[in-house]
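J.: Sequence first, then the predicted structure, then my questions.
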Amino acid sequence: MKQGTFEITQNRHLTDAILEMRLKGDTSAVTVPGQFVELALPGFFLRRPISVCDRNEAELVLVYKTVGKGTEALSKMRTGDLDLLTGLGNGYDVSASGKEPLLIGGGVGIPPLYLLAKELLQEGKRVQVILGFNKEEEIFYEKEFKDLGCEVHLTTVDGSKGVKGFVTDAMTDLEYTYFYSCGPLPMLRAVFKQSKTSGQFSLEERMGCGFGACMGCSIQTAEGTKRVCREGPVFRKEELPW
């Protein structure tokens, strides 16, 4: 974990509720896909956890959704500095992927899969991605995943684009050696039941501190109580008692 000041260089809307923020600063603590940052907002007591979508040596990309007063305030910031805790969480284990990994994301769970896809492709893997949304107007990062070289499958609940239904409806006919998933809990549980291989899940819980001190994000696993912010947010399929 590292604390540092980051400069906002861009904060733009991808959809009505989804924004992409680019931050310039020391990214050295972010070492694996699936990690997150804790962001301090002026005037708000608790930091906001946001997953890392992408990073290079000098820039972080965060994609987030406006869901409350904190993220609403963040969405209005176009310049300035932010205090971040970086390098939080355990992230995805890319070594387990096999030759044809499948990435499954729903809504705001999609961003951390982008950096994961980049790293898997760099290792020569054939990467398939399922992106799930409620409707066409909510779709984001379809082009970005395709530009990387991923085979992209879209689902919308209302059928306005792609497969009508949920991400599990697109999983049915796909062949894959391993899977990685991030999204809302009902989606993750459905993926757990539908999946044909082992895999990894990135979970979301309310976090008080973000680094394991408060125990507020504890969950029960097959191996006992674990903290989502510290031992997670990524857990192996075998760890989850679903």
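T.: Looks like it arrived, so ask away.
J.: mind giving me the domain ranges of the chain?
T.: As given by automatic domain parsing, the domain ranges for the chain are 2-88, 94-199, 203-242.
J.: immediately after the top helix by length along the chain, which helix or strand?
T.: The longest helix of the chain (DSSP state H) is helix 111-122. Downstream of helix 111-122, the next assigned helix or strand under DSSP states H and E is strand 128-133.
J.: Counting by contacts, list what that next one packs against.
T.: In this structure, strand 128-133 packs against strand 101-106, helix 142-148, strand 151-156, helix 167-171, with contacts taken as 3 or more C-beta pairs under 8 Å, 6 or more residues apart in numbering; DSSP states H and E. For glycine as for every other residue, the C-beta is placed from the backbone atoms N, C-alpha and C.
J.: so what does the first one touch, helix or strand wise?
T.: Going back to what we said before, that points to strand 101-106. helix 111-122, strand 128-133, helix 167-171, strand 178-182.
J.: quick one: contacts for the closest residue to residue 177 other than its chain neighbours?
T.: What sits nearest to residue 177 in space, not counting adjacent residues and going by C-beta to C-beta, 6 or more residues apart in numbering, is residue 98, at 2.8 Å. For residue 98, the contact set (C-beta atoms under 8 Å, 6 or more residues apart in numbering) comprises 125, 176, 177, 178, 197.
J.: Farthest-apart pair in those residues, please.
T.: Farthest apart among the contacts of residue 98 by C-beta to C-beta are 125 and 197. That separation is 14.1 Å.
J.: more neighbours, the two?
T.: Between residue 125 and residue 197, counted using other C-beta atoms under 10 Å, residue 125 has the larger neighbour count: 18 against 15.
J.: Give me the helices and strands touching the longest strand seen in the chain, please.
T.: If you go by DSSP state E, the chain has its longest strand at strand 2-13. Identification of packing neighbours for strand 2-13 by 3+ C-beta pairs under 8 Å, 6+ apart yields strand 18-24, helix 69-75, strand 81-88.
J.: thinking again about what came up before, I'd like the contacts of residue 98 as a markdown table, with pLDDT appended.
T.: Formatted as a markdown table, the contacts of residue 98 follow (pLDDT from 0 to 100):
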| residue | pLDDT |
| --- | --- |
| 125 | 98 |
| 176 | 98 |
| 177 | 98 |
| 178 | 98 |
| 197 | 98 |
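J.: What helices and strands are in contact with the helix or strand of the chain at the bottom of the mean pLDDT ranking?
T.: Ranked by mean pLDDT, DSSP states H and E, the weakest helix or strand in the chain is strand 218-221, scoring a mean of 87. Under the contact criterion of 3+ C-beta pairs under 8 Å, 6+ apart, strand 218-221 touches strand 224-227.
J.: Show me what the strand it packs on is packed against.
T.: Here strand 224-227 touches strand 218-221, going by 3+ C-beta pairs under 8 Å, 6+ apart.
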